[in-house]
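J.: model the following, please.
(3 chains)
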Amino acid sequence: MKKYIENVREKSPIVHNITNYVTVNDCANIVLACGASPIMADDRDEVEEITSVCSSLNLNIGTLNSRTIDAMLLAGKKANRLGHPVVLDPVGAGASSLRTKTALKLLEEVKFSVIRGNISEIKTLAGNDGATQGVDANVADKVTDENLDTAVAFAKAFAQKTGAVIAVTGAIDIVCDSEKAYIIRNGHPMMAAVTGTGCQLSAMTAAFAGANKEDVLGAAAAAVCTMGLAGEIAHERLGPMDGNSSYRNYIIDAVYNMTGQQLEEGARYEVR
Amino acid sequence: MKKYIENVREKSPIVHNITNYVTVNDCANIVLACGASPIMADDRDEVEEITSVCSSLNLNIGTLNSRTIDAMLLAGKKANRLGHPVVLDPVGAGASSLRTKTALKLLEEVKFSVIRGNISEIKTLAGNDGATQGVDANVADKVTDENLDTAVAFAKAFAQKTGAVIAVTGAIDIVCDSEKAYIIRNGHPMMAAVTGTGCQLSAMTAAFAGANKEDVLGAAAAAVCTMGLAGEIAHERLGPMDGNSSYRNYIIDAVYNMTGQQLEEGARYEVR
Amino acid sequence: MKKYIENVREKSPIVHNITNYVTVNDCANIVLACGASPIMADDRDEVEEITSVCSSLNLNIGTLNSRTIDAMLLAGKKANRLGHPVVLDPVGAGASSLRTKTALKLLEEVKFSVIRGNISEIKTLAGNDGATQGVDANVADKVTDENLDTAVAFAKAFAQKTGAVIAVTGAIDIVCDSEKAYIIRNGHPMMAAVTGTGCQLSAMTAAFAGANKEDVLGAAAAAVCTMGLAGEIAHERLGPMDGNSSYRNYIIDAVYNMTGQQLEEGARYEVR
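T.: The predicted structure follows:
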């Protein structure tokens, strides 16, 4: 895992983010923490130009609206033409038809390098597609050791279908392409009490992919390990009066201080 | 006060927020801190659907614009039809005619469970209404022990008029319906040096109301006590180098760690 | 430098900000930290009214869009008519033609009291103008001791052209009008790892200018010294587990705690 984060720190890729206004500041700071540079720009009159000077693109549909949906499509297509890795975070797909439709439209018109979401969001995207529905039907709402085989098969099938690396994150994370899956067991349950840890991970995944274009699967797995390990380190640091707000800061701090060696030793994963 | 916060932690209601982009991240984190789940969504094409899967709705007019005003009206009416508690935070009512008009329009078209603001904002809303103008004229710009009786009478009259619980927050807080008022003396003056403590309180009030629908008055009073007590606990925690930014984190941390027992013992209020 | 910050704390000016959604919360908290009060409002239907009740205006083009560009023009012209200091932060000018064009249009239609950006942004604005192109051609992309004379001459020429105080910030900061330049050497390189320290400085500059209208050059220099010194104090405070997120909080905390005496003693500048 070491080389992926070291590449980010060495190359310092610029990451274009079109993301929600809830967690955007944390996304910018975590991109800086891992050694990359964020640019946020969501106006249709500038997104193509902005994405051209970047190494990768992160599209996050939280707090989407008609103005930003258009900008996402334009930026995504431009990034495709330039060969830049593009990450999709389908926040809340399934919670409203606007979000589901938007995510599906993005999937149709933009080729994604990585799609990162929780199991429910990923199932929503896959379930609206005939080809994977059969698999989907068997996938539970939470990835556990008991249903892991089914979940991995589901994620691989969706990777096959989309051509993207699929990152299903939760208590156990699955990061896979159609053939190879990383099963990752870093992280801490308290991360769910911090708003936007998922958004932050997607932004950081775009940074890792931008600095490791030749191996996006490994890069995405390394980003997921980095985030989870940061969550563990930050949790150990918590004092008796600390809560979710200090935890938010400590997670980003832990990414800032993470060395390649620390990631190598702390990453807990197996490959299937 | 104990049962109200314990109900939030037990039921973990989902709170739909249409709020300003200045303090939205803190609103999300404080909703998580008290045990509920936030969803932020402000596009008119999804707000009705989103609010349908939630327990309560928080409408905050800071950084309003024509797009979000429409979304607030749609979401508010939908929440009314579903019987969900709806909170109004009329940020800056009185500071511009757009804000005053928008707040009044919301009051006209949406039935609110709780209206929370400072005395100036609440006076603006009440003062534009013939029925309460007489009372309003006697209310000072700051609630003090000297003018408390008048302020309570004013708030009760506005509660009578609107059918909402009125929460007037400041150095002394008044939370009342038309008959019963909680006079609350928790909090610390330094909270005014943190942007958005009012917005955070409104979001948390929606969480408390969503988990205590049968007693919104008590729920709103408990939310106000929780915020104020968190402000006190966080203030005691401040070290010599800490300022308003660390204080912001400590307040949310204190909410995260607050137990029912702690709230019960720390809440300082009387009922009139 | 002492008197400038003391005036902010004494007068507590209200600062109207039309700024990006990435760093807006930090801008609000740093404005509070220095003793002023922030208002964020960006709808064209209210910006003129809002800016009328304020002491100064801060226009920041990060995450600009057609809606907010119009609002900036309206607010800027109104502030001009009222004689309020107006600060421009041309975030990303040069990175897209929309940003460059918008910054130039603002420069054309609004009279700015202070323009604050990095050398690349300021060069973009100046370079698009025939009168200063000659000077611009000789300015490097980073202000160093070696090219300082040229950079100061460039900034003074741009100040002459625009009538604004020019603040070029980086490792060495230049704050000047057409005749007098402050060369400031406060700050720490790690500030670049926190998103929005430039935005925060611009917001704080508007606060300082609003409280020191009779001497905007001195006020802007004092704001730059305050930010840099806060960055130094915050850096000394960092523990081994702290990273850029805690650093963000510590910088704002340091502004909150900064006394006039501390600024007087810690400001490191010369006048040319």
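J.: interface residues of the stretch 151-272 of chain A facing chain B?
T.: Taking Cβ under 8 Å from any Cβ of the partner chain as the contact definition, the stretch 151-272 of chain A meets chain B at A:Ala193, A:Val194, A:Thr195, A:Gly196, A:Met241, A:Asp242, A:Gly243, A:Asn244, A:Ser245, A:Ser246, A:Arg248, A:Asn249. Heads up, the C-betas are built off the backbone N, CA and C, glycines and all.
J.: closest to A:Leu57 out of those residues?
T.: A:Gly196 (18.4 Å; Cβ to Cβ).
J.: low pLDDT regions in the stretch 51-200 of chain A?
T.: Low-confidence segments of the stretch 51-200 of chain A, defined by pLDDT under 70: A:128-138.
J.: where do the helices sit along it?
T.: With DSSP state H, counting those that start in this stretch as the criterion, the stretch 51-200 of chain A has helices at A:66-82, A:97-109, A:119-127, A:130-137, A:148-162, A:197-211.
J.: from the chain's centre, how far out does the third one sit?
T.: In other words, helix A:119-127. Distance of helix A:119-127 from the chain centroid (Cα atoms, centre = their mean, to the nearest Å) equals 15 Å.
J.: out of the helices of the stretch 51-200 of chain A, which is the most enclosed?
T.: For the helices of the stretch 51-200 of chain A, the largest average neighbour count (mean count of other Cβ atoms under 10 Å in any protein chain shown) is found in helix A:197-211, namely a mean of 30.
J.: for that helix, name the packing helices and strands.
T.: Where contact means 3 or more Cβ pairs under 8 Å, 6 or more residues apart in numbering or on different chains; DSSP states H and E, helix A:197-211 is packed against helix A:2-11, strand A:14-18, helix A:24-33, strand A:56-60, strand A:86-89, strand A:114-117, helix A:216-237, helix A:244-257.
J.: dump these to a markdown table, plus mean neighbour count.
T.: Converted to a markdown table, those look like this (neighbours: other Cβ atoms under 10 Å in any protein chain shown):
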| stretch | mean neighbour count |
| --- | --- |
| helix A:2-11 | 19 |
| strand A:14-18 | 27 |
| helix A:24-33 | 28 |
| strand A:56-60 | 30 |
| strand A:86-89 | 30 |
| strand A:114-117 | 29 |
| helix A:216-237 | 25 |
| helix A:244-257 | 25 |
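J.: to C:Ala164, which of those lies closest?
T.: Closest approach to C:Ala164 among the helices and strands packed on helix A:197-211 is made by helix A:24-33 (27.9 Å; Cβ to Cβ).
J.: quick check: angle from that closest one to strand A:56-60?
T.: Put simply, helix A:24-33 runs at 150 degrees to strand A:56-60, going by axes from the mean of the first three to the mean of the last three Cα atoms, to 10 degrees.
J.: how far away is A:Asn186 from chain C?
T.: 18 Å (Cβ to the nearest Cβ, to the nearest Å).
J.: residues contacting the residue nearest to that residue when sequence neighbours are not counted?
T.: Nearest non-adjacent residue to A:Asn186, counting by Cβ to Cβ, 6 or more residues apart in numbering or on different chains: A:Gly228, 2.6 Å away. Counting by Cβ atoms under 8 Å, 6 or more residues apart in numbering or on different chains, A:Gly228 touches A:Asp173, A:Ile184, A:Arg185, A:Asn186, A:Gly187, A:His188.
J.: of those, closest to chain C?
T.: Nearest to chain C among the contacts of A:Gly228: A:His188, at 15.7 Å, using Cβ to the nearest Cβ.
J.: which bits of chain A sit near chain C?
T.: Contact residues, chain A versus chain C (Cβ under 8 Å from any Cβ): A:21, A:24-25, A:28-29, A:32-33, A:38-43, A:45-46, A:49-50, A:53, A:67, A:233, A:237, A:248-257.
J.: how about 6 Å then?
T.: Residues of chain A lying close to chain C by Cβ under 6 Å from any Cβ of the partner chain are A:21, A:24-25, A:28-29, A:32-33, A:40, A:43, A:45-46, A:49-50, A:237, A:249, A:252-253, A:256-257.
J.: and of the helices and strands packed on helix A:197-211, who's closest to B:Leu59?
T.: Evaluated over the helices and strands packed on helix A:197-211, closeness to B:Leu59 peaks at helix A:24-33, with 21.6 Å, by Cβ to Cβ.
J.: can you list contacts of that closest one?
T.: The contact list for helix A:24-33, computed with Cβ atoms under 6 Å, 6 or more residues apart in numbering or on different chains, reads A:15, A:17, A:19, A:38, A:196, A:199-200, A:203-204, A:207, A:252, A:255-256, C:22, C:193, C:195, C:243-245.
J.: before we move on, the earlier item: and the residue nearest to A:Asn186, how far from C:Ala192?
T.: Applying Cβ to Cβ, to the nearest Å, the value for A:Gly228 to C:Ala192 is 27 Å.
J.: touching, A:Arg272 and A:Ala181? I think so.
T.: Yes. Between A:Arg272 and A:Ala181 there is a contact under Cβ atoms under 6 Å: 4.8 Å.
J.: quick one: which of these two has more around it?
T.: Between A:Arg272 and A:Ala181, counted using other Cβ atoms under 10 Å in any protein chain shown, the more crowded position is A:Ala181 (25 against 14).
J.: and the more buried one, how far is that from A:Val271?
T.: Going from A:Ala181 to A:Val271 by Cβ to Cβ gives 7 Å.
J.: one more: A:Ile50?
T.: Distance, A:Ile50 to A:Val271, by Cβ to Cβ: 36 Å.
J.: the two - which one has more neighbours?
T.: A:Ile50 (26 against 9).
J.: what helix or strand does the more buried one sit in?
T.: Assigned by DSSP states H and E, A:Ile50 belongs to helix A:47-52.
J.: now for that helix, which elements pack on it?
T.: Under the contact criterion of 3 or more Cβ pairs under 6 Å, 6 or more residues apart in numbering or on different chains; DSSP states H and E, helix A:47-52 touches helix A:66-82.
J.: grab the most central residue of chain A for me.
T.: A:Ser202 (2.7 Å; Cα atoms, centre = their mean).
J.: do stretch A:98-105 and chain B meet?
T.: Yes. Stretch A:98-105 is in contact with chain B by Cβ under 6 Å from any Cβ, via A:Leu98.
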